[in-house]
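A.B. asks: Dropping the sequence and predicted coords here.
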Amino acid sequence: MSTPTVHLISHPLVQHKLTLMRQKDLSTSSFRRLLHEISMLMAYEVTRDMPTQLIEIETPLEKMQSPVIEGRKTVFVVVMRAGAGFLDGMLEVVPGARVGHVGLYRDPKTLTAVEYYFKMPNNMQERDAIVLDPMLATGNSAVAAVDRLKETQPKSIRFVSLLAAPEGLKTFHAHHPDVPVYTACIDRQLNDHGYIVPGLGDAGDRIYGTK
């Protein structure tokens with residue numbers, strides 16, 4: 001069995017922007033902007049060991065073999081709706097990536113994930129999937145998203161969250177120990193309503209200005 005892996009992205013710029021995002025009086029526009037910026041920074045870490053291939057190019061002086069990432073083989077899988085706020089920054093770093101969507105909502109009584117939409121690019125067996133969901137709280141939505149994604153048999157899967165709770169990581173790793181998690185912070189715990197504390201509130205509400 002695979003050993004669960006968590007990559008903590010502790011770069012000072014990431015931590016600085018996360019601190020600003022946590023503040024309750026931050027405007028919706030500022031929250032969106034910071035999420036966009038932090039997702040770009042996290043993309044560098046998530047793609048650090050992605051495979052490259054050599055192509056022939058010509059500099060002003062001569063021809064050479066030089067490495068490029070196969071961007072078209074990368075799929076960003078958005079866990080709707082909050083995951084959409086993570087997407088634009090990632091695409092700025094890997095503009096050639098394809099995009100898949102998993103529509104899930106959390107039942108407020110059971111806290112289980114309910115699927116309402118699923119759409120992936122073709123030929124997932126040839127692609128590396130990077131799942132985007134800002135909050136890894138109970139872990140139920142993350143597990144459900146990766147369960148469905150694995151049915152398409154992608155070449156590899158990585159899960160990216162802005163914040164994670166210990167309970168969510170435990171649940172996720174119990175079901176998917178082979179999928180590495182990338183996160184900017186592991187917060188203290190979940191509260192009685194399944195929210196991460198100290199956290200930053202409901203990421204979807206703060207991105208879209210809803211309650």
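C.D. replies: Ah, there it is. This one's a predicted model, so the numbers in the text were calculated from it and none came from an experiment.

A.B. asks: Not counting residues beside it along the chain, what's closest to G201?
C.D. replies: Distances taken as C-beta to C-beta, 6 or more residues apart in numbering place K24 nearest to G201, at 7.0 Å, with adjacent residues excluded. The way it works is simple: take the backbone N, C-alpha and C, and place the C-beta from them, glycine included.

A.B. asks: er, A97 I mean
C.D. replies: Excluding the flanking residues, the one nearest A97 by C-beta to C-beta, 6+ apart is T74, at 4.2 Å.

A.B. asks: same question, I186
C.D. replies: Leaving aside its sequence neighbours, I186 sits nearest to A164 (C-beta to C-beta, 6+ apart; 5.1 Å).

A.B. asks: from what I can see that neighbour touches L136, true?
C.D. replies: Yes - the criterion here is C-beta atoms under 8 Å, and A164 meets it with L136 at 4.0 Å.

A.B. asks: Show me what the longest helix anywhere in the chain is packed up against.
C.D. replies: Taking DSSP state H as the assignment, the helix of the chain that covers the most residues is helix 28-46. Contacts defined by 3 or more C-beta pairs under 8 Å, 6 or more residues apart in numbering; DSSP states H and E place helix 28-46 against helix 12-22, helix 84-93, strand 156-164, strand 181-186, helix 203-208.

A.B. asks: circling back to that earlier point, for the residue nearest to I186, give me the pLDDT.
C.D. replies: What the model reports as pLDDT for A164 is 95.

A.B. asks: Same question for T110.
C.D. replies: In this model, T110 carries a pLDDT of 75.

A.B. asks: for P12, same thing?
C.D. replies: At P12, the pLDDT value in this model is 95.

A.B. asks: and the residue nearest to I186, how far is that from K170?
C.D. replies: When distance is defined by C-beta to C-beta, to the nearest Å, A164 is 10 Å away from K170.

A.B. asks: which of the two has more neighbours?
C.D. replies: Neighbours per residue, other C-beta atoms under 10 Å: of A164 and K170, the larger number sits with A164, 25 against 11.

A.B. asks: got the contact list for the more buried one?
C.D. replies: By C-beta atoms under 8 Å, 6 or more residues apart in numbering, the contact set of A164 is 6, 135-136, 181, 183, 185-187, 196.

A.B. asks: how does it look with 10 Å?
C.D. replies: A164 sits next to 6, 8, 135-137, 139, 142, 172, 181-187, 196 when contact means C-beta atoms under 10 Å, 6 or more residues apart in numbering.

A.B. asks: can you check R81 too?
C.D. replies: R81 makes contact with 101, 103-105, 203-205, 207-208, 210, according to C-beta under 10 Å, 6+ apart.

A.B. asks: Report the mean confidence score over the strand or helix carrying V77.
C.D. replies: Assigned by DSSP states H and E, V77 belongs to strand 74-80. What strand 74-80 shows for mean pLDDT is 93.

A.B. asks: got the angle between that strand and helix 28-46?
C.D. replies: Inter-element angle recorded for strand 74-80 and helix 28-46: 140 degrees (by axes from the mean of the first three to the mean of the last three C-alpha atoms, to 10 degrees).
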